[in-house]
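Engineer: heads up, no residue letters with this:
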């Protein structure tokens, strides 16, 4: 019962959501809107589950002084500080000012954004070393890849003069035509994969999400 | 070992000292512009903190180190809490409370939409999902999970079938000879940026052949030999051009982010550039 009922629920809701699309009635639309709203609400409670898991794992590290426990403490401090400011503790604990709290906004602007942007910018250095290795490959495929990359990178270069104009035209064409073709082939493959996986889940062939026991 | 610890302690002391010096200098610079003392101290702290975190992440280019790990772990905690707060205010306060309780809507200062008992269902399912934390009632979370999995599978099946399959395939079947008006007009404008006959015909051919051969490359149920092998080779060429374009695009994006961070360091923090 603990496994069969969830499988039956997946089948019923999955089939219902598929057929709902083919029923152009306002009640069908109404149910569709509800389902979407519910998914968001449940998703937030799932986030709470993830945060509880993060707290438990980090606290366990701190409590038992496991290797690098000091960093787990930093995670917990950052988490609780942001939660405190997010719920606007400084002024009135629950007010709709939550996301506009001064400290909450500043934590976002001066902690979250700098770290995220710098982490992504680090990739510029790693990509530079990757392109050096690709240059050394000297095969037709590697050359095609690098030529396309070079055209895209040089398209906004102001020092190329009249060549720059042609470079920009070529780059736009590369992005709009061959790039579109290959991406479309990939998207079609991914789409079919998702459809096949969804069918496997609805029909109960894929049931790993239930876990063991 | 002892020497290494001592060196780490000295580096930490230097970093803390530099942080404090930067904080004071920046605070003085802000207060010179007419801001109140408390605001200058507060703003200077955040500007220095952002610079410290930027440098801590960049230090990973040398090797993994405690300052990088500090910034990384701080990011995990702060971003998890950030998304939780955003989710709470936008979904729970913005979507759930206005549909289930007038008093809660009033308390959170959001417009009440009227009592709707259907909104208790996701609340109950969400609470059932939290039962996963209990060893005895953990099985109850499967019902909520089954609802999420079933609904998203059904919705995704239709959505991806429409957008990623049907519409992509239909857009691939384009005219391979666009608006034929004779040889002269056909070759009149060969510019890649033009929307002339030649350019459009070439583009349509490349798209059709590119998608077709790209799909053949990803089809592994038949051995890539003969015509199939040749088509697959053309497919990988088109894919390589795409990967190159994406690579170039990514590089430009990352370099732009790096320029942004360096601008922050040299303009907002050090004030060396205007």
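Structural biologist: Here it is on my side, so go on. Note that this is a predicted model, so its numbers are computed, not measured. Numbers count the residues shown, from 1 in each chain, chains lettered A, B, ... in the order given.
Engineer: touching, residue A:7 and residue B:146? I think so.
Structural biologist: Yes: look at residue A:7 against residue B:146 with CB atoms under 8 Å: they come within range, at 7.3 Å. The C-beta positions use only the backbone N, C-alpha and C, and glycine is treated the same way.
Engineer: ok, the two, which is more surrounded?
Structural biologist: residue B:146 (24 against 19; other CB atoms under 10 Å in any protein chain shown).
Engineer: okay, the more buried one: pLDDT?
Structural biologist: Model confidence at residue B:146, given as pLDDT, is 89.
Engineer: now it: how far from residue A:8?
Structural biologist: 8 Å (CB to CB, to the nearest Å).
Engineer: so for the biggest helix by length in chain A, what's the average pLDDT?
Structural biologist: In chain A, taking DSSP state H as the definition, the longest helix is helix A:26-63. Computed over helix A:26-63, the mean pLDDT rounds to 88.
Engineer: show me where pLDDT drops low in chain A?
Structural biologist: Along chain A, the model assigns pLDDT under 70 to residues A:1, A:89-97, A:135, A:137, A:212-213.
Engineer: please redo it, this time with the cut-off set to 80
Structural biologist: The model of chain A has pLDDT under 80 over residues A:1-3, A:88-99, A:131-138, A:156, A:210-213.
Engineer: hmm, residue B:69 is touching residue A:71, no?
Structural biologist: Yes: between residue B:69 and residue A:71 there is a contact under CB under 8 Å: 5.2 Å.
Engineer: out of these two, which sits in the more crowded spot?
Structural biologist: Neighbour count, other CB under 10 Å: between residue B:69 and residue A:71, residue A:71 has more, with 21 against 16.
Engineer: need the contact list for the closest residue to the more buried one other than its chain neighbours.
Structural biologist: Distances taken as CB to CB, 6 or more residues apart in numbering or on different chains put residue B:73 closest to residue A:71, at 4.1 Å, once the chain neighbours are dropped. Residue B:73 makes contacts with A:71-72, A:74-75, A:78, as judged by CB atoms under 8 Å, 6 or more residues apart in numbering or on different chains.
Engineer: and the residue lying farthest from the centre of chain A, how far from chain B?
Structural biologist: Farthest-out residue of chain A from its mean C-alpha position, per CA atoms, centre = their mean: residue A:162, at 40.2 Å. Going from residue A:162 to chain B by CB to the nearest CB, to the nearest Å gives 14 Å.
Engineer: tell me how many other residues surround residue B:162.
Structural biologist: 13.
Engineer: still on that earlier bit, quick one: which of the contacts of residue B:73 is most hemmed in?
Structural biologist: Sorting these by how many neighbours each has (other CB under 10 Å) puts residue A:75 first, at 25 neighbours.
Engineer: wait, that residue sits on residue A:58?
Structural biologist: Yes: in this structure residue A:75 lies within contact range of residue A:58 using CB under 8 Å: 5.0 Å.
Engineer: which neighbours do these two share?
Structural biologist: Common neighbours of residue A:75 and residue A:58 (CB under 8 Å, 6+ apart) are residue B:77.
Engineer: secondary structure element for residue B:178?
Structural biologist: Using DSSP states H and E, residue B:178 sits within no helix or strand.
Engineer: give me the number of residues near it?
Structural biologist: Residue B:178: 18 surrounding residues under other CB under 10 Å.
Engineer: got phi/psi on it?
Structural biologist: phi -90, psi 120 (degrees, to the nearest 10).
Engineer: for it, give me its contacts.
Structural biologist: B:197, B:200-201, B:204.
Engineer: just the ones of those residues in helices?
Structural biologist: B:197, B:200-201, B:204.
Engineer: just the residues you listed: which has the poorest pLDDT?
Structural biologist: residue B:197 (79).
Engineer: test my guess that it contacts residue B:182.
Structural biologist: No: taking contacts as CB under 8 Å, residue B:197 lies outside contact range of residue B:182: 9.6 Å.
Engineer: quick one: which of those two has more around it?
Structural biologist: Neighbour comparison, residue B:197 and residue B:182: the larger count goes to residue B:197, with 19 against 9 (by other CB under 10 Å).
Engineer: how close does that one sit to residue A:172?
Structural biologist: Counting by CB to CB - residue B:197 and residue A:172 are separated by 19 Å.
Engineer: the contacts of residue B:178 into a markdown table, with extra columns for distance to residue A:105?
Structural biologist: A markdown table is the format used below for these (distance: CB to CB, whole Å):
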| residue | distance to residue A:105 |
| --- | --- |
| B:197 | 55 |
| B:200 | 49 |
| B:201 | 54 |
| B:204 | 50 |
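Engineer: for these, which one is nearest chain A?
Structural biologist: For these, the closest approach to chain A (CB to the nearest CB) belongs to residue B:204, at 8.9 Å.
Engineer: can you pull the contacts of the nearest residue to the closest one once chain neighbours are set aside?
Structural biologist: Excluding the flanking residues, the one nearest residue B:204 by CB to CB, 6+ apart is residue B:174, at 4.4 Å. By CB under 8 Å, 6+ apart, residue B:174 lies in contact with B:204, B:207-208.
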